[in-house]
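**Q** Using only what follows, build the 3D model:
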Amino acid sequence: MANVHVIVIDNTAAYLTALQTEIKNATDDMGNDLQSVARQAAPEKTGNLVKHITVKSSASSGAYQVDLESTAIDPDTGNDYVDRMHNGKYRLGAKSKAKGTASSRIGNFRKRVGPNYLQGSGELAKNGYQAYMEKRVGTVNSRFAE
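**A** Predicted coordinates:
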């Protein structure tokens, strides 16, 4: 009679920890990429608008997210400079025109300098960022596949 020994190793906890870490790091990467694209695509005169484009990470309610925002105030008037430059109509100055096209290293998209420099980036990036996240999750899956 043959004896067969089956050993089952439960790697669930290690897998879930690795997956959570990978998702957090990939989400941070995408947030930093969006920030970079927004800074490249933001109209520029003094650099005040570009400097105030920030990215914040949070893990509230069991979901990991990154928020991109800008809080620049026009130093001459005290008005909300972001709203005007993001939503308004205006002509780009020489410094803005010289910036060229913004490009994403992760999302695989390009964006022109000017209006919608914050919001428009996310819409253009969906497919590229989804593929990036799937690749990162796939690396974790392949490490635990046996």
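
**Q** So which residues of the chain form helices?
**A** Ranges of helices within the chain are 12-41, 48-51, 81-87, 94-97, 119-144, based on DSSP state H.

**Q** nearest to S61, of those?
**A** Nearest to S61, of all the helices of the chain, is helix 12-41, at 14.4 Å by Cβ to Cβ. (Glycine included, C-beta is placed from N, CA and C.)

**Q** Report the buried residues of the closest one.
**A** Buried residues in helix 12-41, counting neighbours by 16 or more other Cβ atoms under 10 Å, are found at 18-19, 22-23, 26-27, 29-41.

**Q** And for stretch 94-107?
**A** 96, 99, 102, 104, 106-107.

**Q** Leaving out chain neighbours, which residue sits closest to P75?
**A** Leaving aside its chain neighbours, P75 sits nearest to N48 (6.6 Å; criterion: Cβ to Cβ, 6 or more residues apart in numbering).
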